[in-house]
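Student: Quick one, structure for this:
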Amino acid sequence: MIIMDWSAISLGLAIGTVASALFFAGLGWGMRMALRTNSPTSVLVLSAAVRIAVLLMVGWAVVAVSGPFALAGFAFAFLLVRTLCVIGARVQRVERGAP
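Tutor: The predicted structure is shown next:
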């Protein structure tokens, strides 16, 4: 029987929620910056590289400190925040009258 380490899962959830929120805030900021420049590809590539690297480093640190159960919480938090961001974007699109 596997014994669940709920404190590690909770830590992963908490840190994953903050890291994911910052990840998607950075995505939004990068998109706005890319739309204002003449070379959006370079802005988007740089933004993606920085966001992915930071997210992976934070995830690696959480796992190194708290173990694999923290990774499960971290990954679940990322998926949850991603789902909420997608729902929020769709709601804003409908409110603006976009198809």
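Student: Look up the closest residue to the residue positioned nearest the centre of the chain, ignoring the ones flanking it.
Tutor: Per Cα atoms, centre = their mean, the C-alpha nearest to the average position across the chain is that of residue 20, at 2.6 Å. Counting by Cβ to Cβ, 6 or more residues apart in numbering, residue 81 is the residue found nearest to residue 20 once chain neighbours are left out, at 3.7 Å. In this view, the C-beta of every residue, glycine as well, is placed from N, C-alpha and C.
Student: which other helices and strands contact whatever helix or strand the one you found lives in?
Tutor: Applying DSSP states H and E as the criterion places residue 81 in helix 68-95. Secondary-structure packing of helix 68-95 (3 or more Cβ pairs under 8 Å, 6 or more residues apart in numbering; DSSP states H and E): helix 6-36, helix 40-66.
Student: Surely the residue nearest to residue 20 touches residue 21?
Tutor: Yes. Between residue 81 and residue 21 there is a contact at 5.7 Å, judged by Cβ atoms under 8 Å.
Student: So between the two, which is more surrounded?
Tutor: residue 81 (19 against 15; other Cβ atoms under 10 Å).
Student: Could you measure from residue 59 over to residue 70?
Tutor: Distance, residue 59 to residue 70, using Cβ to Cβ, to the nearest Å: 9 Å.
Student: Looking at these two, which is more packed in?
Tutor: Legend: neighbour count by other Cβ under 10 Å for residue 59 and residue 70, higher for residue 70 (26 against 19).
Student: ok, the residue lying closest to that one once chain neighbours are set aside to residue 40 distance?
Tutor: Spatial nearest neighbour of residue 70, chain neighbours left out: residue 12 (3.6 Å); criterion: Cβ to Cβ, 6+ apart. In this view, residue 12 and residue 40 are 34 Å apart by Cβ to Cβ.
Student: Equivalent analysis for residue 94, please.
Tutor: To residue 40, residue 94 is 26 Å away according to Cβ to Cβ.
Student: Mind checking which of those two has more residues around it?
Tutor: Using other Cβ under 10 Å as the criterion, residue 94 and residue 40 rank with residue 40 on top: 14 against 10.
Student: Now do the contacts for that one.
Tutor: The contact partners of residue 40, taken as Cβ atoms under 8 Å, 6 or more residues apart in numbering, are residue 34.
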